[in-house]
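Chemist: Fold the following for me, if possible:
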Amino acid sequence: MNKLSLLFVVNVATLVCLLQVQSCQGWSAGDILFKYQGKYKHHEEWRWWKTTHAKNYASHQEELERHLIWLSNRKYIEQHNANSHIFGFTLAMNYWGDMTDSEYNDVHKSYEPTNKKLVSNFPVFETPQNLTYPDSLDWRTKGAVGSIKDQMAYQCGSSYAFGAIGALEGANALANGQLVSLSEQNILDCSVPYGNFGCSGGNVYNTFMYVIANSGVDTEDSYYYKGRQDECSYSSNNRGAKMSGIVRIKSGDESSLMAAVTSVGPVAVAVDASSNAFRYYSSGVFDSSRCSSSSSTHFMVVTGYGTTNGKDYWLVKNSWSSNWGMNGYIMMTRGNYNQCGIATDASYPTL
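Modeler: As a prediction, this is how the structure comes out:
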């Protein structure tokens, strides 16, 4: 709702209030709107959504404005789902529902490119000879993938930390036979000298370089997630894993990415997550020609691959809670011209 429309509604509501000879003294514009705009549309659904995502608003006016945005986004989701048989995937309302497109992009973007000259110093993955590929692979079933985490409970642009930590958790579990949840907060607080920016974005390479130089990263239990940058409190007594090197995937090469996921384990990737279709993804194989292969915005972890209904996909772990996507995961189209940049900026740690 623009300012002119909002002013018109307030003035009409005020007039109605006065004509009914009711006292409007002390009423704010938001109070008048709340009383005379009638009940919120889809009231029960709106109330459930607010509770589920812990949404609270400072005033009736703010809630009304957010509700109108939510209704607009809800309509977009309904229109998409009416044609989901064409798109091949469905959408659902989630945490992002009361944000405009620009607000969403301001909040979710956490990708910061790393110096290309620096990255070129890291070895490039080479596909092992005679590597065999299973029809499908899911590292969750092999104890190499931790539970879904939630970076957005605090609107913190920290996907780089979750992407890097997710890949390191996998490498550590496969090497040591035990899955240990590691601390993203440790990365937020301590990796700034290596080129990251706390809740304002960063890069997986910078994160890996910090862990190498620091000789480790703490466990999540000892250094829990706050969703804001704080004083660095790393303690070697609470170290959960360490690493010694970084291997990068040839940029844009999905075949190399598949070989790495098959032979090594979970791999950190950067993708373009800026579209509304990605924002509200719910199920099916995500396939969108509007998804850029060169403009990454968000880090995730590839944890496997497969084929469903004739469509090849990557199984990718996100960090937007289990309320997003398929219990926190997304199936992204595989072998489709590096769509969304799934292999543009991919890497994994070596222990």
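Chemist: All the helices of the stretch 251-351 of the chain, residue numbers only.
Modeler: 254-263, 276-279 (DSSP state H, counting those that start in this stretch).
Chemist: What's the mean pLDDT across stretch 204-221?
Modeler: Averaging pLDDT along stretch 204-221 yields 98.
Chemist: what are the ranges of the strands in this protein?
Modeler: Taking DSSP state E, the strands of the chain run over residues 89-91, 137-138, 217-218, 239-241, 245-248, 267-271, 281-286, 298-308, 311-317, 329-333, 347-350.
Chemist: From the chain's centroid, how far away is the fourth one?
Modeler: To tie it back to what came earlier, the one meant is strand 239-241. The chain centre lies 24 Å from the centre of strand 239-241; the measure is Cα atoms, centre = their mean, to the nearest Å.
Chemist: tell me the mean pLDDT for that strand?
Modeler: According to the model, strand 239-241 has a mean pLDDT of 98.
Chemist: mind listing what it pairs with, with the direction of each?
Modeler: Using DSSP bridges, strand 239-241 pairs in its sheet with strand 217-218 (antiparallel).
Chemist: Equivalent analysis for the second one, please.
Modeler: Taking DSSP bridges as the criterion, strand 137-138 forms sheet pairs with strand 298-308 (antiparallel).
Chemist: How many residues are close by the nearest residue to Ala171 once chain neighbours are set aside?
Modeler: Among residues not flanking Ala171 along the chain, Pro349 sits closest, at 5.3 Å (Cβ to Cβ, 6 or more residues apart in numbering). C-betas here are computed from N, CA, C, even on glycine. Pro349 has 28 neighbouring residues, counting by other Cβ atoms under 10 Å.
Chemist: just checking, Pro349 touches Ala260?
Modeler: No: judged on Cβ atoms under 8 Å, Pro349 makes no contact with Ala260 at a distance of 11.9 Å.
Chemist: what do those two both touch?
Modeler: Val247 (Cβ atoms under 8 Å, 6 or more residues apart in numbering).
Chemist: neighbours around the closest residue to Ser283 other than its chain neighbours, how many?
Modeler: Distances taken as Cβ to Cβ, 6+ apart put Thr90 closest to Ser283, at 5.0 Å, once the chain neighbours are dropped. Neighbour count of Thr90, defined by other Cβ under 10 Å: 15.
Chemist: Next one, pLDDT for Thr90 please.
Modeler: pLDDT, read off for Thr90, is 98.
Chemist: can you check Val16 too?
Modeler: 37.
Chemist: and if you look at the one 5 residues further on?
Modeler: pLDDT, the model's per-residue confidence, is 37 for Val21.
Chemist: one step back: surely the residue nearest to Ser283 and Val285 touch.
Modeler: No: at 10.7 Å, Thr90 does not count as touching Val285 under the criterion of Cβ under 8 Å.
Chemist: in the chain, which helix or strand is least confident?
Modeler: helix 3-19 (a mean of 42; mean pLDDT, DSSP states H and E).
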